[in-house]
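1. any chance you could fold what I've pasted below:
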Amino acid sequence: MSTTVDAIYEHGTLVLPNPLPLPEKSHVRVTIEVTDTERDEWLKHSANALLKTLNCSRNDVVLLPIPFTDLTSRKVRPAVVIGQNGADLFLVPISSQLPNTDLPPQEWRAAGLNVACGIKAQLATVEDRLVVKKVGVLSAADQQRLNARLRAWLQL
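-> Numbers count the residues shown, from 1 in each chain. Model prediction:
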């Protein structure tokens with residue numbers, strides 16, 4: 001015979017809402033499946049709210065895994081969103097290794113960056129779901145400088 005019964009775990013004991021129709025001293029096998037519908041609903045709503053919060057726009061500075069140019073690995077690093085097509089974000093990575101960069105933002109602290117850094121002359125396409133965090137937005141002056149650099153890099 002097999003039956004499913006809900007119970008509440010309190011102080012080390014499973015408490016059943018009603019007695020089971022079993023003879024005394026019956027041996028039973030108990031399979032524990034933790035269900036917390038309130039928690040599950042909260043997590044689902046939280047995930048949806050987080051996705052809406054992380055809706056990225058042009059010039060946002062975000063943290064996400066950026067692939068290395070040889071595609072052997074990737075590293076979570078900041079990047080500037082320069083466009084979006086569906087679920088794909090077009091980005092330019094940011095690096096603290098200034099000799100490897102092409103455009104240092106003048107107002108890097110205002111953009112949410114922790115250290116002086118530069119924007120690399122590279123483009124990456126990454127799914128928007130990979131964004132870990134939005135840290136800031138480029139200043140208007142840095143946006144203009146980046147737009148000019150993008151035109152030069154892409155020969156537009």
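2. which stretches in this protein count as helices?
-> For the chain, helices defined by DSSP state H occupy the ranges 37-53, 140-153.
3. pick out the shakiest of those, pLDDT-wise.
-> Of all those, mean pLDDT reaches its minimum on helix 37-53 (a mean of 62).
4. contacting residues around the residue nearest the centre of the chain?
-> The residue lying closest to the centre of the chain (CA atoms, centre = their mean) is residue 132, at 2.9 Å. Neighbour list for residue 132: 62, 63, 64, 65, 76 [criterion: CB atoms under 8 Å, 6 or more residues apart in numbering]. All C-beta spots, glycine's among them, are computed from the backbone N, C-alpha and C.
5. most neighbours, which of these?
-> residue 64 (26 neighbours; other CB atoms under 10 Å).
6. wait, that residue touches residue 135, no?
-> No. Taking contacts as CB atoms under 8 Å, residue 64 lies outside contact range of residue 135: 10.6 Å.
7. understood, closing this out.
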